[in-house]
Each structure stands twice: as structure tokens, then as C-alpha cells.
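Q: Return atomic coordinates for the entry below.
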Amino acid sequence: MMADDVAEYLEDQAVGTVGTSIFVGHMPDAPADCIAVIQSGGESPEMAGPISGQIERPRLIVRVRNTSYASGASKANDVLKALHTAGEVSLSGHRYLFIRAVGSVNQLGRDHENRSLFSLDFVVTKEMD
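A: Residues are numbered from 1 along each chain as shown. Next up, the predicted model:
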């Protein structure tokens with residue numbers, strides 16, 4: 001699954017640790033400082049040619065939560081730097097051609113426990129599984 005692949009990639013880039021500070025598909029109540037990697041919809045698959053097969057462009061949402069605004073913003077920028085430059089990588093046997101940010105880091109305000117929330121959106125171009 002793409003979200004699992006990206007979470008592992010973020011761990012490889014020293015952004016966090018899967019299961020400790022990086023979570024797939026949800027953001028748990030604890031720990032206070034964490035990252036959630038969530039697969040979202042995207043464009044329909046298309047044929048790239050008889051040799052390379054089909055490619056797809058799913059969306060990826062990454063949420064960052066932190067008790068410190070500055071630390072949360074910094075961690076969100078770490079995610080942006082790690083993913084926006086990723087291209088032609090193989091993650092868990094899946095070929096990713098590009099991962100591109102749709103925009104800059106979005107500050108979403110604070111949650112019910114006054115922790116800062118940030119969001120990043122990406123378009124992923126990958127070979128279809």
C-alpha cells in the first residue's frame with residue numbers, strides 16, 4: 001500500500017519512526033508529536049505504453065501534530081523536503097516515478113489539546129500495482 005511505502009521512506013529519511021512517531025491511515029491521540037500518512041483519491045490510471053504498463057496518480061495527505069508550533073512547522077518542512085524531491089525510487093517493490101507537493105505546508109490551527117496541526121498534500125505518480 002502506498003501509505004505504508006511512504007511511511008517507511010520517511011523513516012529511511014530520518015523524519016521519524018513508523019509505529020512510534022509515524023502512523024499510517026490515522027493519527028492516534030498519543031503521542032502528542034506525530035505524523036500521519038494517509039492515501040487519498042486521485043486521477044484515474046492511464047496507459048503509459050505497452051512496455052511500461054499503466055501509471056496512476058493517487059493523492060497523499062500527510063498530517064503533522066506537535067505541542068510546539070515551531071517544532072511542528074519544522075517537522076512538516078522535513079516531510080516536504082523528503083517527499084517533494086523523491087523520484088524514480090522503488091519502495092517495497094513498487095516503482096514511484098514522482099512525488100510532488102501540491103502546495104506549501106498548511107497550518108490547520110490547533111486541536112482540542114492545543115497542539116499545532118499541519119497538513120501537506122502530494123500527487124504521486126507510480127506504476128499501477
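Q: Residue 100 contacts residue 122, doesn't it?
A: Yes: using CB atoms under 8 Å, residue 100 is in contact with residue 122, at 6.3 Å. Just so you know, the C-beta spots here come from the backbone N, C-alpha and C atoms, and that holds for glycine as well.
Q: Who has more neighbours out of the two?
A: With neighbours defined as other CB atoms under 10 Å, residue 100 and residue 122 compare such that residue 122 has more, 23 against 15.
Q: any chance you could read off phi and psi for the more buried one?
A: Main-chain torsions, residue 122, degrees, to the nearest 10: phi -130, psi 150.
Q: Helices of the chain, start to end?
A: 2-12, 69-84 (DSSP state H).
Q: how about the ones you listed in JSON lines, adding distance to residue 129 and mean neighbour count?
A: As requested, the helices of the chain are exported to JSON lines (distance: least, CB to CB, whole Å; neighbours: other CB atoms under 10 Å):
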{"stretch": "helix 2-12", "distance to residue 129": "9", "mean neighbour count": "20"}
{"stretch": "helix 69-84", "distance to residue 129": "20", "mean neighbour count": "18"}
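Q: Adding distance to residue 55, write the ones you listed out as a markdown table.
A: Below are these laid out as a markdown table (distance: least, CB to CB, whole Å):
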| stretch | distance to residue 55 |
| --- | --- |
| helix 2-12 | 13 |
| helix 69-84 | 18 |
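Q: who wins for proximity to residue 33 among those helices?
A: Residue 33 lies closest, by CB to CB, to one member of those: helix 69-84, at 7.1 Å.
Q: any idea how far the closest one is from the chain center?
A: Centroid separation for helix 69-84 versus its chain: 11 Å, with CA atoms, centre = their mean, to the nearest Å.
Q: right, so of the helices of the chain, which gets closest to residue 91?
A: When those are ranked by proximity to residue 91 (CB to CB), helix 2-12 comes first, at 3.8 Å.
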